[in-house]
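quick check, what structure comes out for this input:
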Amino acid sequence: MQQSAVRFGILSRGPRLFSTRRLVDEGRARGLDVRVVDPLLLTLGVTDDDLQVTLRGHPIHFDAVLPRIGYSITRHGVAVLRHFERQGVACVNSSQAVLRSRDKLHATQALSRHGIAMPKTVYVRDPRDIDSAIQRVGGGSVVVKVTEGTQGNGVILCHNPPEARRIVEAMLRTGVNVIIQQYIRESHGTDVRMLVVGDEVVAAMRRRSRGDEFRSNYHLNGTVEQFSPPDEYVRTALDAARILGLNVAGVDLLDGRDGPLLLEVNSSPGLQGIEEASKVNVASKIIEYVIESAHFSPTNLEPLMRSRKGHGVLRLPIPTSAGVIGKSLEVMFSDFENMPTFALVRHDSLIWLPPPDTLIEGGDELLCFGPLRSLRAYLSNLLTEKAMGMVSIDPGFGQDIRNLM
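Below you'll find the model as predicted:
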């Protein structure tokens, strides 16, 4: 019996945009049943036994969905994505991944935690902190940004501290969230865009600004050219997309003195400039990924871990001075009813179901699952009775486990 075509939905308000048309053409060429849907026209229904997405009163059904959602409709677009996720639809980029990438501060926090090199960044809320923030990122010229924006919008190069102060004060008065960032002089007017699909950098280009414009975005009349990325650039791009949970991403890098610096990660990258510069059929690469992943829906583990009453996850960092270093998990939890450690994070790598004889090292993080009340009590007793010096017991995941896999 002939297998039915994959029903592929593209969430986009611009069906005539170059990137959307390329994806539609490549999808149909590969036999997909492609449909472009404006997310603002979708109605989300929740009943006792059903989740429905309807368009003009009629239910719509997809096997896979690719979000190409503009910043201005992020909130509604993410709600639509979340609905599809709960229907079991394979979403190329998840709702949480889109949210993480859209908030520059959130993305910076997540990426810096994993050692991704970036320009120095300070988030400012109080005008009294502006001067110190400018000095913390290097003084002199700085870049001022709103925390949510794309294609160079809301990004201003300030040539001296007084100019920066005036602009930041004005932005704060309008109620927007502002970050002040180090100006990378050696990368003025140029950056590198890497296009990540799955676990591969499929294309890359260098972008250059025109005239006095320091932003190199293609949509700001910047020029593009082919770029063969060094291994360090490839690793940084793949790590950044993975940490944010994006399966399709445009990763922008600056040329720092000591290697690439991550500038931004875009969850809805444009295809025109990079296909033109690289001569790579990027749209086809994305469609190939859609076909491969159409019947697999990523799972958010945290709600599953909390579905059993009274149970949850505790994250336990092990400081280098802890008394249990060199001891096994079995010894550490010898007086607990069951071995609660279901994962161990070591050097940014994840070890699932570590064997009981696994020896604990300084800097490890234990992810423990069990009855929260007794688990907290047991760990508190260890802290007191065995003087382990453990700190920061956190009743949440603390990070998306998927990012470590």
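
so which strand or helix has Ile274?
Here Ile274 sits within helix 272-278, counting by DSSP states H and E.

tell me which helix or strand of the protein sits lowest on mean pLDDT?
Least confident helix or strand of the chain, by mean pLDDT, DSSP states H and E, is helix 301-305 with a mean of 66.

circling back: for the record, mean pLDDT for the helix holding Ile274?
For helix 272-278, mean pLDDT rounds to 94.

now find how far off-centre it is within its chain.
23 Å (Cα atoms, centre = their mean, to the nearest Å).

also stretch 134-150?
21 Å.

repeat for stretch 338-351
22 Å.

could I get the buried residue list for that stretch?
For stretch 338-351, burial by neighbour count (16 or more other Cβ atoms under 10 Å) applies to 339-346, 350. For every residue, glycine as well, the C-beta is placed using N, CA and C.

please apply the same query to stretch 356-372.
Buried, per 16+ other Cβ under 10 Å, within stretch 356-372: 358, 360, 364-372.

looking at those, which is nearest Leu23?
Leu367 (37.5 Å; Cβ to Cβ).

any regions of the stretch 51-200 of the chain where pLDDT drops low?
Counting by pLDDT under 70, the stretch 51-200 of the chain has low-confidence residues at 149-153.

for it, just list every one of the helices.
Ranges of helices in the stretch 51-200 of the chain, per DSSP state H, counting those that start in this stretch, are 74-86, 95-102, 104-113, 130-136, 161-173.

against which helices or strands is the third one packed?
Read it as helix 104-113. Identification of packing neighbours for helix 104-113 by 3 or more Cβ pairs under 8 Å, 6 or more residues apart in numbering; DSSP states H and E yields helix 95-102, strand 178-182, helix 231-244, strand 259-266.

tell me the angle the last one makes with strand 178-182.
So the one you mean is strand 259-266. For strand 259-266 against strand 178-182, the angle by axes from the mean of the first three to the mean of the last three Cα atoms, to 10 degrees is 160 degrees.

got the angle for strand 259-266 vs helix 231-244?
Using the same axes, to 10 degrees: strand 259-266 against helix 231-244 is 40 degrees.

need phi/psi at Asp63.
Backbone geometry at Asp63, expressed as degrees, to the nearest 10, gives phi -90, psi -30.

that one touches Val6, doesn't it?
Yes. With contact defined as Cβ atoms under 8 Å, Asp63 counts as touching Val6 (4.9 Å).

now for these two: what residues contact both?
Ala294 (Cβ atoms under 8 Å, 6 or more residues apart in numbering).

which residue is nearest the centroid of this structure?
Leu244 (2.0 Å; Cα atoms, centre = their mean).

what about Thr320, distance to Asp63?
In this view, Thr320 and Asp63 are 48 Å apart by Cβ to Cβ, to the nearest Å.

an error on my part: the question was meant for Gln135.
Gln135 is 53 Å from Asp63, by Cβ to Cβ.

and the two? Which one has more around it.
Asp63 (21 against 13; other Cβ atoms under 10 Å).

can you give me the helices in the stretch 301-405 of the chain?
Using DSSP H, counting those that start in this stretch, helices in the stretch 301-405 of the chain cover 301-305, 329-332, 372-385.

among the ones you listed, show the one with the smallest mean pLDDT.
Minimum mean pLDDT among the helices of the stretch 301-405 of the chain: helix 301-305, a mean of 66.

what does stretch 329-345 rub up against?
So stretch 329-345 is contacted by 324, 350-358, 360, 364-370, 374-375, 378, 382, 401, 404 (Cβ under 8 Å, 6+ apart).

go again using 6 Å as the cut-off
324, 350-352, 354, 356, 358, 364-370, 375, 378 (Cβ atoms under 6 Å, 6 or more residues apart in numbering).

flag every buried residue along the helix or strand encompassing Arg207.
Arg207 is part of strand 200-208, with elements assigned from DSSP H and E. Using 16+ other Cβ under 10 Å as the test for burial, strand 200-208 gives 201-207.

over to stretch 169-184?
Using 16+ other Cβ under 10 Å as the test for burial, stretch 169-184 gives 171-172, 177-184.

in TSV: these, plus distance to Met194.
Listed next are those as TSV, based on distance: Cβ to Cβ, whole Å:
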residue	distance to Met194
Met171	30
Leu172	33
Asn177	27
Val178	27
Ile179	22
Ile180	26
Gln181	20
Gln182	21
Tyr183	22
Ile184	17
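
what's the farthest-apart pair in those?
Longest span within the buried residues of stretch 169-184, Cβ to Cβ: Leu172 and Ile184, 24.3 Å.

how close does Leu55 sit to Arg82?
17 Å.

typo on my end, Lys285
26 Å.

then Leu51?
From Leu51 to Arg82 the distance is 10 Å (Cβ to Cβ).

neighbour count: these two, which is higher?
More crowded of Leu51 and Arg82, by other Cβ under 10 Å: Arg82, with 18 against 15.

tell me who's in contact with that one.
Counted by Cβ under 6 Å, 6+ apart, Arg82 has contacts Ser95.

thinking again about what came up before, can you list the buried residues of strand 200-208 in CSV and add distance to Asn281 and pLDDT?
CSV is the format used below for the buried residues of strand 200-208 (distance: Cβ to Cβ, whole Å; pLDDT from 0 to 100):
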residue, distance to Asn281, pLDDT
Val201, 15, 98
Val202, 9, 97
Ala203, 9, 97
Ala204, 14, 97
Met205, 14, 96
Arg206, 20, 94
Arg207, 20, 90
